[in-house]
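> Predicted coordinates and the sequence they were generated for:
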Amino acid sequence: MSAKDNIYGSPGSNGEYSSGGVHEVKKPPAGKGFKGMRFAVALAVLLAAAAIAASGSFVVTKPNEYKVIQQFGRIVNITYQPGLSFKLPFVQTVRSIPKDILLYDLPISDVITMDKKNMVTDSFVLWRVTDPQMFIQAVEGSVTSARRRGLAQRYITQ
């Protein structure tokens, strides 16, 4: 540092001291920052809505289930294989139907045999859905409804 230099830098050609390369920061005109803020908020809301719509369009099918995609109650697609598929968010709905063997345990009942003896029977039904479309048409796609209505033997293979 020379004798003419001080903490503010050295004098320039016109005798004024420079700030050593630091420039004055200009403030934006009033009202410009608010417009940029509105744009940022609108962009954030738009991105959040797009993320929600995108997350609602993925359908994951597990190995032990069928996925039935319906649009306004009409079956549009049935996914038989496990994996990822897509649907239209907010328009199409997804139902899961089990592929597993299901157990329907009937209540214990008393039976009178031909020789007038009492016998207690405990019975059960093992069943599986093989045709998801027929299952939905017959019992609205509900396993409990199939059990309640007793249609499991008619529309579902044993």
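Yes, it's here. Numbers count the residues shown, from 1 in each chain.

> Which stretches in the chain count as strands?
For the chain, the strands defined by DSSP state E cover 58-61, 65-71, 74-79, 83-86, 92-98, 102-105, 109-112, 118-121, 124-127.

> residue contacts, the nearest residue to residue 91 once chain neighbours are set aside?
Spatially, and ignoring its direct neighbours in sequence, residue 91 is nearest to residue 71 (6.0 Å; Cβ to Cβ, 6 or more residues apart in numbering). The C-beta positions use only the backbone N, C-alpha and C, and glycine is treated the same way. Taking Cβ atoms under 8 Å, 6 or more residues apart in numbering as the criterion, residue 71 is in contact with 88, 91-93.

> swap in residue 101?
Residue 101 neighbours (Cβ under 8 Å, 6+ apart): 126-128.

> Throw those residues into JSON lines and include neighbour count and distance to residue 107, thanks.
JSON lines is the format used below for the contacts of residue 101 (neighbours: other Cβ atoms under 10 Å; distance: Cβ to Cβ, whole Å):
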{"residue": "126", "neighbour count": "10", "distance to residue 107": "17"}
{"residue": "127", "neighbour count": "19", "distance to residue 107": "17"}
{"residue": "128", "neighbour count": "13", "distance to residue 107": "22"}
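
> Where is the longest helix in this protein?
Longest helix of the chain, by residue count under DSSP state H: helix 32-55.

> Which other helices and strands does that one contact?
Contact here means 3 or more Cβ pairs under 8 Å, 6 or more residues apart in numbering; DSSP states H and E; on that basis helix 32-55 packs against no helix or strand.

> what about residue 67, how many neighbours?
Residue neighbour count, defined by other Cβ atoms under 10 Å, stands at 22 for residue 67.

> I'd like to know the beta-bridge partner residues of it.
residue 79, residue 96 (DSSP bridges).

> was I right about it contacting residue 86?
No - counting by Cβ atoms under 8 Å, residue 67 does not reach residue 86; the two are 11.1 Å apart.

> any common contacting residues for the two?
With Cβ under 8 Å, 6+ apart, residue 67 and residue 86 have common neighbours residue 59.

> so where's this protein shaky on pLDDT?
Scanning the chain for pLDDT under 70 picks out the ranges 1-34, 141-142, 144, 146-158.

> swap the cut-off to 80 and go again
1-36, 53, 55-56, 138-158 (pLDDT under 80).

> For residue 43, grab the count of nearby residues.
10.

> returning to what we had before: quick one: which of the strands of the chain is nearest residue 50?
Residue 50 lies closest, by Cβ to Cβ, to one member of the strands of the chain: strand 58-61, at 13.7 Å.
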